[in-house]
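K.L.:
Sharing a model that was predicted from the sequence below.
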Amino acid sequence: MTIYPNMNKEDRNRILRNRYSLLGIPESAAPDGRLLYVPDLEDKMLYYENCENPELKIAIGNALTEMMGDPDGDDSWREIC
């Protein structure tokens, strides 16, 4: 499932709990209870590791890095492709 900007906390956290579980990492949350953003592993591989355009790969990597660990992060970094 995709995490959208301004998604309600409960739905966003449900999606992220699944991602944390699949990635085998402990959950991390902001003080307000919003889980910190992590990308879906399949999305990361599809949009970043298989990218053959070096400039696009850098742009995607930068956008992904900005989202990681953000309590308001979403999957909008994928729009770069």
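P.N.:
Arrived safely. Numbers count the residues shown, from 1 in each chain.
K.L.:
Report the next helix or strand after the lowest-mean-pLDDT helix or strand in the chain in sequence order.
P.N.:
When the helices and strands of the chain are scored by mean pLDDT, DSSP states H and E, helix 41-44 comes last with a mean of 85. Scanning forward in sequence from helix 41-44 by DSSP states H and E, the next helix or strand is helix 54-67.
K.L.:
Give me the contacts around that following helix.
P.N.:
Contact with helix 54-67 is made by 37, 39, 44, 47-48, 51, 73-74, 76-77, 80-81, as judged by Cβ atoms under 8 Å, 6 or more residues apart in numbering. C-beta: built from backbone N, CA, C; applies to glycine.
K.L.:
which residues of the chain score low on pLDDT?
P.N.:
Low-confidence segments of the chain, defined by pLDDT under 70: 81.
K.L.:
So which residue is dead centre in it?
P.N.:
Residue closest to the average C-alpha location in the chain (Cα atoms, centre = their mean): residue 39, at 2.9 Å.
K.L.:
Would you mind confirming that that one is in contact with residue 74?
P.N.:
No - with contacts counted by Cβ atoms under 8 Å, residue 39 stays clear of residue 74, the gap being 10.2 Å.
K.L.:
Going through the contacts of helix 54-67, which ones are buried?
P.N.:
37, 39, 44, 47-48, 51, 73-74, 77, 80 (16 or more other Cβ atoms under 10 Å).
K.L.:
In JSON lines, list those residues along with distance to residue 9.
P.N.:
Shown next, in JSON lines, are the buried ones among the contacts of helix 54-67 (distance: Cβ to Cβ, whole Å):
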{"residue": "37", "distance to residue 9": "13"}
{"residue": "39", "distance to residue 9": "19"}
{"residue": "44", "distance to residue 9": "23"}
{"residue": "47", "distance to residue 9": "25"}
{"residue": "48", "distance to residue 9": "27"}
{"residue": "51", "distance to residue 9": "31"}
{"residue": "73", "distance to residue 9": "13"}
{"residue": "74", "distance to residue 9": "12"}
{"residue": "77", "distance to residue 9": "20"}
{"residue": "80", "distance to residue 9": "26"}
